[in-house]
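Asker: just coords:
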């Protein structure tokens, strides 16, 4: 696979300068799982006292690593913990051999770091259905351990990439009752992106001190309105994994309630980091040249709003129109119509950004095609849909559908 | 829009030589609704005594013509009837002006043929959201009437095309208690094709004598396992209309029961015609180079089987893999996993045609990648999925996703 050039929608300035998180060290190596001459395995080592939360794909054919993480996530939070991730092979639909690979990797990392293997969470991303040569990774474990450092997060973010064209990172700093708390995370994802979970892989770390049930609740809540609202191609990965680790080493007060002032402050910062990462995944959508926000209001229910947002965001005809910079709002009407949500042609309003395009069952009197054409030239667009039948709202983020998507996916394996 | 060259999947031999149906005459003209220098309006005139059945899109933003047909379809079946169809403009999301256009066209045809306007069924297909200049059509009504002939079905089929690259026709002859009965029909559709209804437009005629409730039941039943099982791009048209007219002029015994021997014989022939037309729509899918049948067995329920078939058929990653002739069966596993149907990784079996690809949670021992590569070179493929959890089955038909689809849709309106 040729190295694609960086997405035109990548954040300017490149990978952010993320805060170091006390109690977390990163390492990454080139193990040659599939790719040659690039980092493809990353290890994150978490100090004793860390608690871990996770959200995973609902696919019924999810990978061996996902099944293993789901089994372990609710277990005892004793001693240190670790995340081990490889790119190049998803170890999905690899039968009992896949489970053996996960066990071998977990055992290897547990021995390496002298932690419980029940606290080793692995993930694999890449081609489905091919056996994972886990020995090539195990042979690199000593090198991985030797490389552990506080500052290795940028290389770790690069190591988990597959068809991604840039590594995705985001961080935040906040204050809990005067004491500083930090969050840093990274994600990979480019194709096979759809709720739920639309993550591919994301790892987020904080030095806050947060009880596990609270951490899990915050993660699930924030994932639902970030990663679960993005779509590149409506296809759901078998490996989607979002992990959040809290080391508790900040010295700030412990957070024991999601609704306390401290809980709300932390949740808001966490939400910001997840939203940034989710948007970066869309911005690196395979072949993407436009970032699209679909904003639905006036729906009969939240579920309806979400259905409409997703129907518009998932529509190949809407996405190809955006690719062609064609303000083809008739296709938005079509996508609203097929969504299954309660809608009324005569109360439907459509906007491109602030431009009123259609209302009262027809094109708006003041709308000019030229205004639409000009708006579509932007690389970040908002398609607004007001259903006019209620008060509920929802949002979805997606990208356009271009020749680049076909190029990448019509010949990915060879 | 440049004239696309004919789909490589078009039936060899071109438009079939369809039987003439006693009691039906066709005419078509170039009215210049949008396209220049080609037929874009067709009229079918049905003799008194004809009964009419119809199935329509469920879109909540369906066109004015669809709403009008739905109102009329259950009305009195007195006197003659007519179908009037234009291409180039869908008259959808055109507010009250759209309804006025439908009324004006219905009244015009009613006057022209001296029939009840409640028996005039119109349809429009093309761009959404632009007013239909119905005067240009009304100005051609006399010419349309003058052109009515028993043999005009081929030109009528061409007149309703939009992005179609070939006209789609199918017919059948059968015998009811020794008396000959004929069926002839045509369809258009290429993009914006998804259940339900995945028809775009289809018109089918027979000289059989069939009670209206029986005709409607037969049409709904056959549509459900033909047009409602095809998908090109998951987008549902606002204009989908499938009409079936029975003139009763064959002289064969009347059919009053769908389960009588005569009813079964007619239904089987009708099903064959609809299936042929539905397959032709897929074979003319925008940009299509491969015809794909997804055949699901071993499902827990019919609904599950259908969900899995549709999930695989709708997956952009499966469709791009087929376009690239890549036997990427891991993407089939992914699509099964995301479908929401009951599935078990370890009982899942995947086949390409007769080739056993994966079973028992992994690649089949006897599968060779080369066999998969060779199979994918065919232009008509069967992807078999056995879920191994029950006895139910289902099918979906689709095409691959290629650069051609992007080319056609990123710049359709201009």
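Answerer: Right, received. Where do you want to start? Note that the coordinates shown come from a computational prediction; the quantities given were computed from them, not determined experimentally.
Asker: which parts of the stretch 1-150 of chain A sit against chain B?
Answerer: A:59-62, A:90, A:92-98, A:127-130 (Cβ under 8 Å from any Cβ of the partner chain). Every residue, glycine included, has its C-beta placed from N, CA and C.
Asker: filter these down to the buried ones, ChimeraX style.
Answerer: The ChimeraX command for the buried members of these (criterion: 16 or more other Cβ atoms under 10 Å in any protein chain shown) is given here:
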select /A:59,60,61,62,90,92,93,94,95,98,127,128,129,130
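Asker: any regions of the stretch 1-150 of chain A where pLDDT drops low?
Answerer: Residues of the stretch 1-150 of chain A meeting the criterion pLDDT under 70: A:1-4.
Asker: can you tell me which of the residues of the stretch 1-150 of chain A next to chain B are in strands?
Answerer: residue A:127 (DSSP state E).
Asker: which ones among the residues of the stretch 1-150 of chain A next to chain B lie within helices?
Answerer: For those, membership in helices holds for A:95-98, with DSSP state H as the criterion.
Asker: most widely separated two among these?
Answerer: A:96 and A:98 (7.1 Å; Cβ to Cβ).
Asker: quick revisit: which one of the ones in helices among the residues of the stretch 1-150 of chain A next to chain B is nearest chain B?
Answerer: Top of the list for closeness to chain B, among those and by Cβ to the nearest Cβ, is residue A:95 at 3.5 Å.
Asker: surely that closest one touches residue B:362?
Answerer: Yes. Look at residue A:95 against residue B:362 with Cβ atoms under 8 Å: they come within range, at 3.5 Å.
Asker: ok, now which ones touch the residue lying closest to residue A:72 once chain neighbours are set aside?
Answerer: Leaving aside its sequence neighbours, residue A:72 sits nearest to residue A:118 (Cβ to Cβ, 6 or more residues apart in numbering or on different chains; 5.2 Å). By Cβ atoms under 8 Å, 6 or more residues apart in numbering or on different chains, residue A:118 lies in contact with A:72, A:75-76.
Asker: next one: residue A:314
Answerer: A:194, A:231, A:234, A:335, A:398, B:234.
Asker: how close does residue A:310 get to residue A:239?
Answerer: Using Cβ to Cβ, to the nearest Å, one gets 21 Å for the distance from residue A:310 to residue A:239.
Asker: okay, the two: which has more neighbours?
Answerer: Higher neighbour count among residue A:310 and residue A:239: residue A:239, with 29 against 25, using other Cβ atoms under 10 Å in any protein chain shown.
Asker: what's the pLDDT at that one?
Answerer: pLDDT for residue A:239: 82.
Asker: and what of residue A:311?
Answerer: Per the predicted model, pLDDT is 93 at residue A:311.
Asker: chain center to whichever strand or helix holds residue A:172, what's the gap?
Answerer: Taking DSSP states H and E as the definition, residue A:172 sits inside strand A:168-176. Remark: strand A:168-176 is offset 16 Å from the chain centroid, using Cα atoms, centre = their mean, to the nearest Å.
Asker: thought residue A:158 was touching residue A:168?
Answerer: No. The criterion here is Cβ under 8 Å, and residue A:158 misses it with residue A:168 at 9.9 Å.
Asker: neighbour count: the two, which is higher?
Answerer: Comparing residue A:158 with residue A:168 by other Cβ under 10 Å, the one with more neighbours is residue A:168, at 29 against 22.
Asker: can you give me the helices for the stretch 301-414 of chain A?
Answerer: A:302-314, A:316-323, A:329-338, A:369-376, A:403-409 (DSSP state H, counting those that start in this stretch).
Asker: save those as TSV, and put in distance to residue B:34 too.
Answerer: Formatted as TSV, the entries for those read as follows, by distance: least, Cβ to Cβ, whole Å:
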stretch	distance to residue B:34
helix A:302-314	25
helix A:316-323	18
helix A:329-338	13
helix A:369-376	15
helix A:403-409	26
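Asker: compare those helices and give me the one nearest residue B:302.
Answerer: Nearest to residue B:302, of the helices of the stretch 301-414 of chain A and by Cβ to Cβ, is helix A:329-338 at 22.2 Å.
Asker: and that closest one, what does it pack against?
Answerer: Judged by 3 or more Cβ pairs under 8 Å, 6 or more residues apart in numbering or on different chains; DSSP states H and E, helix A:329-338 is in contact with helix A:302-314, helix A:316-323, strand A:349-352, strand A:355-359, strand A:380-386.
Asker: since that was my last question, I'll sign off now.
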